[in-house]
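[1] A predicted structure for the sequence below; I have some questions about it.
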Amino acid sequence: SAGMEKVNFSGGEPFLQDRGEYLGRLVRFCKQELGLPSVSIVSNGSLIRERWFVKYGQYLDILAISCDSFNEDVNVLIGRGQGRLNHVENLRKLRRWCREYRVAFKINSVINRFNVDEDMRAHIQELNPVRWKVFQCLLIDGENAGDGALREAERFVISKEEFQGFLDRHREVPCLVPECNDKMKDSYLILDEYMRFLNCREGRKDPSRSILDVGVQEAIKFSGFDEATFLKRGGKYAWSKADLQLDW
């Protein structure tokens, strides 16, 4: 009722609980009950099974798979290693399922110290996602940097110039959507598990009061969201699979 048009479920890994059954019910609720134009998920893809698409694929507009490298050794180095599961082969399988069950396929890549020199053009063109979101590695105090952080990401950080070099190498890829640090931290509306907006403007995730307690209009004042930056980075696009008019 406050005007939400799109919801994106991300993590952590959103398929962890019950192999995605709880997530599937959320996706179905957002489409059937809330009638949202766009429902999407960001996942590493390791826990997704075809039976999930059979049951819930019709309610999902976009599945974004995190893929930071097409080199398995680099994936292990970054922390994307999935044991005996080959990340790249799994990506191809998920791409095939998205096509079969009519879900728009997207790839997210975080560019960092270990993949900044990689050439991903051939792989991206083969997979042909509707969007390839390319992020510059971003430090968030308390999350991946600073005291009490869950993980330390300082060794992954690259400069703006290095990030631009990666973008220049891939500029011919038509689905490329770049996002530097300056665009990222002010242009997202992020809700945590307590339904609090997370403000990233000061380099950390400062929570608002919960929308369950004070409502959307009051809580969003403390979200740090900059609508102009959101629009400038291309945050508004054809995000419903009905509008994408894909050649399945």
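    Cool, got the structure. Every value quoted in this text rests on a predicted model; they were computed, and no experiment measured them.
[2] pLDDT score for residue 80?
    On pLDDT, residue 80 comes in at 68.
[3] right, I mislabeled it, should have said residue 99
    Confidence at residue 99, expressed as pLDDT, is 96.
[4] my read: it touches residue 127, true?
    No. Counting by Cβ atoms under 8 Å, residue 99 sits too far from residue 127 to count as a contact (10.5 Å). Heads up, the C-betas are built off the backbone N, CA and C, glycines and all.
[5] buried stuff in the helix of greatest length in the chain?
    If you go by DSSP state H, the chain has its longest helix at helix 87-100. Within helix 87-100, the residues that count as buried by 16 or more other Cβ atoms under 10 Å are 87, 90, 91, 94, 95, 97, 98.
[6] for these, which one is nearest residue 239?
    For the buried residues of helix 87-100, the residue nearest residue 239 by Cβ to Cβ is residue 98; the value is 15.1 Å.
[7] that closest one: what's it in contact with?
    With contact set as Cβ atoms under 8 Å, 6 or more residues apart in numbering, residue 98 has these partners: 53, 63, 104, 105.
[8] what about the second one, distance to residue 50?
    Distance check for residue 63 against residue 50: by Cβ to Cβ, to the nearest Å, it reads 13 Å.
[9] more neighbours: which of the two?
    residue 63 (24 against 14; other Cβ atoms under 10 Å).
[10] in which helix or strand does that one reside?
    Counting by DSSP states H and E, the element that carries residue 63 is strand 62-66.
[11] swap in residue 55?
    Going by DSSP H and E, residue 55 is part of helix 50-56.
[12] from the rest of the structure, what touches that helix?
    The contact list for helix 50-56 (Cβ under 8 Å, 6+ apart) reads 15, 19, 20, 24, 27, 28, 97, 98, 100, 101, 103.
[13] gap between the fourth one and residue 75?
    This points to residue 24. From residue 24 to residue 75 the distance is 27 Å (Cβ to Cβ).
[14] same thing with the last one?
    According to Cβ to Cβ, residue 103 stands 23 Å off from residue 75.
[15] mind listing the helices for this structure?
    21-32, 50-56, 72-78, 87-100, 121-127, 160-169, 181-184, 211-214, 216-219, 227-232, 241-244.
[16] helices or strands next to the fifth one in the packing?
    In other words, helix 121-127. helix 87-100, strand 104-111 (3 or more Cβ pairs under 8 Å, 6 or more residues apart in numbering; DSSP states H and E).
[17] between these, which one is nearest to residue 132?
    Among the helices and strands packed on helix 121-127, strand 104-111 sits nearest to residue 132 (Cβ to Cβ), with 5.0 Å.
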